[in-house]
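Undergrad: Task: produce atomic coordinates for the following.
(chains A and B)
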Amino acid sequence: GQQLNQSPQSMFIQEGEDVSMNCTSSSIFNTWLWYKQDPGEGPVLLIALYKAGELTSNGRLTAQFGITRKDSFLNISASIPSDVGIYFCAGQLYTNAGKSTFGDGTTLTVKP
Amino acid sequence: DGGITQSPKYLFRKEGQNVTLSCEQNLNHDAMYWYRQDPGQGLRLIYYSQIVNDFQKGDIAEGYSVSREKKESFPLTVTSAQKNPTAFYLCASSIGQGARYEQYFGPGTRLTVT
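TA: Below is the predicted model:
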């Protein structure tokens, strides 16, 4: 099946810094999704992207659907302690009825 | 207050026993999914269902079974044939129309088999 490479695997940053993470695939997706998971909880949808080149914001979060359809980026500006968690990207194809392929996640640690 | 509920939060079983994990949604979503998550890894799809009385195997269906008798409910049974059942299990649902398949997750059930 399709594989997603998510990087970096982990990040340790200072409060107030900006964060960037990305996902790449060897094949295209029609939809890119970004989730955040707190320890012991289910992932929460942050941003959904439906069109190549699309740039979407949700508060301090901004995500982009790569123009090649094979990648996506998530940026977090001015990080705060509650940003701590695991961030997952997921890709979907129209033909797969909602089946998502997930990256392995980026673990974010924010030091106050 | 719409959402997805999974119960119980923690579940302990002895090896060789079947166990059923509950998943209920009141979002009126057509599609439902079960994922497995192991430490340090992403989510892997076990089974999914697009409509009532129909479901398909995901990437790691061996040792698992599901049913979809009602739109709101999608229980997962972890059978004794599953060789490594200890994991965090997540249920999700999506509207399932057009291109809008973004999934919303429940809080998860952590299953420990000894």
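
Undergrad: mind checking how far the helix-or-strand element of chain A with minimal mean pLDDT is from the chain centre?
TA: For chain A, the helix or strand with the lowest mean confidence is strand A:100-102, at a mean of 89 (criterion: mean pLDDT, DSSP states H and E). Relative to its chain's centre, strand A:100-102 lies at 11 Å (Cα atoms, centre = their mean, to the nearest Å).

Undergrad: Name every strand pairing with that strand and say which way it goes.
TA: When pairing is defined by DSSP bridges, strand A:100-102 lines up against strand A:85-92 (antiparallel).

Undergrad: Next, the residues that contact the strand it pairs with from outside, please.
TA: Strand A:85-92 has contacts (Cβ atoms under 8 Å, 6 or more residues apart in numbering or on different chains) with A:2, A:4, A:6, A:21-23, A:25, A:29-39, A:43, A:46, A:72, A:74, A:98-103, A:105-108, B:42-43, B:101, B:103. Using the backbone N, CA and C atoms, a C-beta is placed for each residue, glycine as well.

Undergrad: Tell me which of those fall in helices.
TA: Of these, none are assigned to helices by DSSP state H.

Undergrad: Using neighbour counts, trim the residues you listed to the buried set.
TA: Among these, those buried by neighbour count (16 or more other Cβ atoms under 10 Å in any protein chain shown) are A:4, A:6, A:21-23, A:25, A:29-37, A:43, A:46, A:72, A:74, A:98-103, A:105-108, B:42-43, B:101, B:103.

Undergrad: Around chain B, which positions in chain A sit nearby?
TA: A:1, A:4, A:6, A:30-31, A:33, A:35, A:40-45, A:48, A:50, A:88, A:90, A:92, A:94, A:97-100, A:102-105 (Cβ under 8 Å from any Cβ of the partner chain).
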